[in-house]
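Undergrad: Sequence first, then the predicted structure:
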Amino acid sequence: MKDILPPDEGGHKPPNIRAKLSQQKQSRTSAKKQALVERLASASEEVAASITEIASATEQAKRSAETVASAAEEAARSADENRKAIGEVEKLVKSGLEEIDSLNSLSLDLRDRTENLKDTVSKLGKSMLDTAERIESVTDSVQVIEGISTDIEKITDSILRVADRINLLALNAAIEAAKAGEHGKGFSVVAEEVRIMTEASEKSTGKIQDLLGVIVENIKKLVEQIVKLVEEGKAQVESMNQIVEEFGNISSMINDLVLTVEDFISLYREELRSLEEVKSSSEQVASAAAEQSSAAEEISRSVGELATAMDEINAAAEEVRRMAMELKDAPAIEDKAAEQVAAAAEELSASVEEFSGSIEQVKQAVDQLSAAAEEQARAAEGMFSLAKELKTSSENVVKSAEKSLESVSSALEAYKQGKSSLNRAFTNLQKLKEGLDGTLDGLRELRKTTSSMNRIIGKLELIMVQTNMLSVNGFIEAARSGEFGKGFEVVSSDIKNLATEGTENIDSLQDSLTSIDEQFDVFNAQITIASSETTIDINTTTGTLSMLEEALGVAQNIYSGFENTEKGAKDILGRVDMMVSSSEQIATAAEESARTINELSQAIGQIEQAVRQIAQAIDELAAVADELQAF
């Protein structure tokens, strides 16, 4: 309603109008005051709400920082344990490398020994082949001797027939002498002598036949023995060919073993290189983890200080809120109250500004922490990758150790088989030597028999000479007897012819025995050489067995060494496997830390946002305080 009464001359309105205007003014002032108080209370509530949000975010930031610090400490401990484990594995690998270097030397030594054995066995096989061929060549002489023995048998039969005929002639001579009476007495003596010679001839020829039977029987035995020796010699050669092949295979095995050991050394060196890389990465992880742990601890401390500072801000904000409530209930706003509100707002603003500065420092620290975490994550991932490569190298070392052990085991079995084969060859050589020596003994007995035959042939030859001389005497007696001696002359002529034939047979017999002796000489020479060669082969085999025994010792040492190497390689692999698991855990923990740091950054961002809201609310409080001071 508008006033209808004008003011008086002094410009004053009527009393009722003034009162009404005063009332209106008070009403407007009260409303304005109420609005200011409401604004003050609202700003205070906003501050309180932001403080609550900051408190929650600060608590979250503190937990995140502590989690990161704990994880970083754990990563540092794990990395340190990894470094220690790497140091232990490095010692094991270096020890293994030293052992494999030693095994490499032994393998090279075994290779040289095996080559010598192979060459020796090859030469031994060639020598046995020569001996077998030499023994086999004697069969020609034996066949010749068999042929001559048959001839001798025929000759002795002829001699016996001659003796029988002479004996018959001696009987005829005795008859003719009896017919001649006194004229036949001389011829009778001749006839008796011829008979005696014939008996001697038959007796000697019988002995020759007996000796010939002995010779033939011994030659049969000799032939059987030679055939057996030839078969044994051939079997020995075949056996030695197999042994030569066995040692050729052993040589190939050892050459492969040497190559495997060389690969083994390369694998060990590769493992050492991988260890160095893992060690370097582990040191990087440890360094990054230590830096991260330090930064996280600093952030945790700073966040704790923020919480303390927030408590002070909260107390100041509570004071402002209390003042706002008192002003809301107060009938009038006193200047002092407005000043107090203004002072509280200013104090709160200063605290928030200081808090903002601290937040900025924490934020920078979080950025540094994030960078350290990224570095740790990269290093941890690199370490995990290198650890897996190291595991692959270690697995290859184990496979190589198993392969080497298998190769040495096969070579060792082959050596044992070779030793067994050589021992059988040695036994067979001894049997062959005994057979050859027995053959030489039999040959010596045959020579004794032929010597006896030669002596008897000498006697038989003398008998034939005497018989021939008796035939001459018969001619003389026949001449003396005149007509009565004609029969004597015929008989004497027949005796002479038979004596001549007997002499020729004896000469043939002598020639045959000479031929047998010649063949015996050839036979004896070849068998003697074969026996000497076999003796040399026996000695060579003895030496070879000794060399083989030494090689077996070296092979056994290599086998034992590879057993230790395989065990060590598996031990290393087990440790590396744990290292891989540890590295994976560190890498996973680094990823978790990165997520936790992200949560920390978000919490700091929430605090910053809340601080900005508080700053805006404080600006509102300051503005309200200024307006309150205007009442």
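TA: In hand now; what should we look at? Numbers count the residues shown, from 1 in each chain.

Undergrad: going forward, measure contacts between C-alpha atoms and count neighbours the same way
TA: Will do.

Undergrad: if I pick L369, what's in contact with it?
TA: By Cα atoms under 8 Å, 6 or more residues apart in numbering, the contact set of L369 is 291-292, 295-296, 597.

Undergrad: Equivalent analysis for L509, please.
TA: Per Cα under 8 Å, 6+ apart, neighbours of L509: 152, 155-156, 457.

Undergrad: Rounded mean pLDDT for the helix or strand containing it, please.
TA: L509 is located in helix 486-629, with elements delineated by DSSP states H and E. The pLDDT scores in helix 486-629 average 88.

Undergrad: Equivalent analysis for stretch 190-208, please.
TA: On average, stretch 190-208 scores 84.

Undergrad: Would you map the helices across the stretch 301-450 of the chain?
TA: Under the criterion DSSP state H, counting those that start in this stretch, helices of the stretch 301-450 of the chain are mapped to 335-481.

Undergrad: likewise the stretch 1-150 of the chain?
TA: Using DSSP H, counting those that start in this stretch, helices in the stretch 1-150 of the chain cover 15-180.

Undergrad: low pLDDT regions in it?
TA: 1-22, 24-29 (pLDDT under 70).

Undergrad: ditto for the stretch 351-500 of the chain
TA: For the stretch 351-500 of the chain (pLDDT under 70), the answer is none.

Undergrad: Would you confirm that N428 contacts Q236?
TA: Yes - applying Cα atoms under 8 Å, one finds N428 in contact with Q236, separated by 7.2 Å.

Undergrad: When those two are compared, which one has more neighbours?
TA: Between N428 and Q236, Q236 has the larger neighbour count (other Cα atoms under 10 Å), namely 22 against 18.

Undergrad: ok, now which ones touch the more buried one?
TA: 128, 425, 428-429.

Undergrad: Quick one: residues contacting the residue nearest the centre of the chain.
TA: Ranked by distance to the mean C-alpha position of the chain (Cα atoms, centre = their mean), the top residue is S404 at 0.8 Å. Counting by Cα under 8 Å, 6+ apart, S404 touches 257, 260-261, 562.

Undergrad: Turn those residues into JSON lines, columns for neighbour count and secondary structure.
TA: Below are the contacts of S404 laid out as JSON lines (neighbours: other Cα atoms under 10 Å; DSSP: H, G, I helix; E, B strand; the rest coil):
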{"residue": "L257", "neighbour count": "24", "secondary structure": "helix"}
{"residue": "T260", "neighbour count": "18", "secondary structure": "helix"}
{"residue": "V261", "neighbour count": "23", "secondary structure": "helix"}
{"residue": "F562", "neighbour count": "25", "secondary structure": "helix"}
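
Undergrad: Angles on the backbone of the closest residue to D80 other than its chain neighbours, please.
TA: Nearest residue to D80, sequence neighbours excluded (Cα to Cα, 6 or more residues apart in numbering): A286, at 6.6 Å. With angles defined as degrees, to the nearest 10, A286 sits at phi -60, psi -40.

Undergrad: between the contacts of S404, which is closest to R77?
TA: The closest of the contacts of S404 to R77 turns out to be F562 (Cα to Cα; 35.7 Å).

Undergrad: residues contacting the closest one?
TA: By Cα under 8 Å, 6+ apart, the neighbours of F562 are 103, 401, 404-405.

Undergrad: for A178, same thing?
TA: Per Cα under 8 Å, 6+ apart, neighbours of A178: 184-185, 188.

Undergrad: Sort out which of the residues you listed are in helices and list them.
TA: If you go by DSSP state H, the contacts of A178 have 185, 188 in helices.

Undergrad: pretty sure V576 is touching E389, no?
TA: No - if you go by Cα under 8 Å, V576 and E389 don't touch, sitting 10.1 Å apart.

Undergrad: So the two - more neighbours on which side?
TA: Higher neighbour count among V576 and E389: V576, with 25 against 17, using other Cα under 10 Å.

Undergrad: what's the spacing between that one and E395?
TA: V576 is 10 Å from E395, where distance means Cα to Cα, to the nearest Å.

Undergrad: Could you do T544 as well?
TA: From T544 to E395 the distance is 40 Å (Cα to Cα).

Undergrad: Please apply the same query to Q368.
TA: Counting by Cα to Cα - Q368 and E395 are separated by 40 Å.

Undergrad: Comparing these two, which residue is more hemmed in?
TA: Using other Cα under 10 Å as the criterion, Q368 and E395 rank with E395 on top: 21 against 16.

Undergrad: That one contacts L573, doesn't it?
TA: Yes - contact criterion Cα under 8 Å: E395 and L573 qualify, at 6.5 Å.

Undergrad: how about the nearest residue to I607, chain neighbours excluded?
TA: I54 (5.0 Å).

Undergrad: Quick one: residues contacting E608.
TA: 356, 359 are the contacts of E608 under Cα under 8 Å, 6+ apart.

Undergrad: Name the nearest residue to E566, ignoring sequence neighbours.
TA: A401 (5.0 Å).

Undergrad: That neighbour and S385, how far apart?
TA: According to Cα to Cα, A401 stands 24 Å off from S385.

Undergrad: So for the two, which sits in the more crowded spot?
TA: Neighbour totals were compared for A401 and S385, and A401 leads with 25 against 18 (other Cα under 10 Å).

Undergrad: got the contact list for the more buried one?
TA: Taking Cα under 8 Å, 6+ apart, one finds 264, 562, 565-566, 569 in contact with A401.

Undergrad: one more time with 7 Å, if that's ok
TA: 562, 565-566 (Cα atoms under 7 Å, 6 or more residues apart in numbering).

Undergrad: now these as TSV including distance to A200?
TA: Conversion of the contacts of A401 to TSV gives the following (distance: Cα to Cα, whole Å):
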residue	distance to A200
F562	87
T565	91
E566	92
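
Undergrad: which of the contacts of F562 lies closest to E533?
TA: L103 (39.2 Å).

Undergrad: so that closest one makes contact with I558?
TA: Yes - if you go by Cα atoms under 7 Å, L103 and I558 touch, sitting 6.0 Å apart.

Undergrad: Just the buried ones from the contacts of Q236, in PyMOL syntax?
TA: Applying 16 or more other Cα atoms under 10 Å to the contacts of Q236, the buried members can be selected in PyMOL as follows:
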select buried, resi 128+425+428+429
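
Undergrad: just the contacts of Q236 now: which is nearest S64?
TA: Using Cα to Cα, those come closest to S64 at A425, 83.7 Å.

Undergrad: now stretch 569-587: how far from the chain's centre is it?
TA: With Cα atoms, centre = their mean, to the nearest Å as the basis, stretch 569-587 stands 24 Å off its chain's centre.

Undergrad: Correction: the previous question concerned stretch 409-426.
TA: The mean C-alpha position of stretch 409-426 is separated from the chain mean by 21 Å, Cα atoms, centre = their mean.

Undergrad: can you pull the buried residues of it?
TA: Buried-residue list, stretch 409-426, by 16+ other Cα under 10 Å: 409, 411-412, 414-415, 418-419, 421-422, 425-426.
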